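Colleague: Return a 3D structure for these sequence lines:
(chains A and B)
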Amino acid sequence: EAAVTQSPRNKVTVTGGNVTLSCRQTNSHNYMYWYRQDTGHGLRLIHYSYGAGNLQIGDVPDGYKATRTTQEDFFLLLELASPSQTSLYFCASSVRDTEVFFGKGTRLTVV
Amino acid sequence: DAKTTQPDSMESTEGETVHLPCSHATISGNEYIYWYRQVPLQGPEYVTHGLQQNTTNSMAFLAIASDRKSSTLILTHVSLRDAAVYHCILRVHQGGSAKLIFGEGTKLTVSS
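Modeller: Coordinates of the predicted model:
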């Protein structure tokens, strides 16, 4: 089964700090996604990518940058973290029109 | 953007069959219907997906209306392990990439 590995699993940072969330998938899937999930809400799409060097804007992109350096690696960058970005972040990957695999999530707290 | 509508919550008892409805009135012809489930503090878990025909696997049966504007996920003989939030999702193809648009999901409670 395809694996999606997120790191770190937990992160605490201060307001205004820099944070990078990492995601690696091991099956050379084309599509990769970053979502955030807040209490009482469904998953909301931040950014996604079709392949290395490709980036697409999601539904809640403000305050986030992303970079797809290789087919396997997708990073989410928070350059000036704010308390509103405290959330549970999920990375996912897939081949077109097939099952989407999710990572276990990263819990980010901005104090 | 394509969207889905699901009831906020449903309740069931162990051993019952549960029908989880989803409305997607604005679905496009090339959009797939995916179902995922999620328990607290875990990533979503794939359940099933389909385009037009009903589908079945070891986890569930997916019934898709002939006009594709609604679907129903059917869980048979539910157990306590089936308690989760069930997400009905459309797979949108836009600008050369495919993205998932999540609804709020249905929280399924299973009692013994």
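Colleague: For chain B, give me its nearest residue in chain A.
Modeller: A:Phe102 (3.5 Å; C-beta to the nearest C-beta). In this view, the C-beta of every residue, glycine as well, is placed from N, C-alpha and C.
Colleague: neighbours around that residue, how many?
Modeller: A count of nearby residues for A:Phe102, using other C-beta atoms under 10 Å in any protein chain shown, gives 22.
Colleague: Can you tell me how far it is from B:Ser111?
Modeller: For A:Phe102, the distance to B:Ser111 under the criterion C-beta to C-beta, to the nearest Å works out to 28 Å.
Colleague: Check A:Asn30 too.
Modeller: From A:Asn30 across to B:Ser111, the span is 42 Å (C-beta to C-beta).
Colleague: more neighbours, those two?
Modeller: Each of A:Asn30 and B:Ser111 has its neighbours counted (other C-beta under 10 Å); A:Asn30 has more, 16 against 10.
Colleague: Could you report the distance from that one to A:Tyr48?
Modeller: A:Asn30 is 11 Å from A:Tyr48, by C-beta to C-beta.
Colleague: contacts for stretch B:35-51?
Modeller: Judged by C-beta atoms under 8 Å, 6 or more residues apart in numbering or on different chains, the contacts made with stretch B:35-51 from elsewhere in the structure are A:4, A:43, A:88, A:90, A:92, A:99-105, B:20, B:22, B:32-34, B:55-57, B:59-60, B:62, B:64, B:71, B:73, B:82-89, B:91, B:105.
Colleague: Just the buried ones out of those, please.
Modeller: Among those, those classed as buried by neighbour count (16 or more other C-beta atoms under 10 Å in any protein chain shown) are A:4, A:43, A:88, A:90, A:92, A:100-103, A:105, B:20, B:22, B:32-34, B:55, B:59-60, B:62, B:64, B:71, B:73, B:82-89, B:91, B:105.
Colleague: B:Val39: neighbour count?
Modeller: 12.
Colleague: can you check B:Thr76 too?
Modeller: Other residues near B:Thr76 number 12, with proximity taken as other C-beta under 10 Å.
Colleague: got a pLDDT number for it?
Modeller: What the model reports for B:Thr76 is a pLDDT of 96.
Colleague: still on that earlier bit, mind checking which of the contacts of stretch B:35-51 land in helices?
Modeller: Taking DSSP state H as the definition of helices, these contribute nothing to them.
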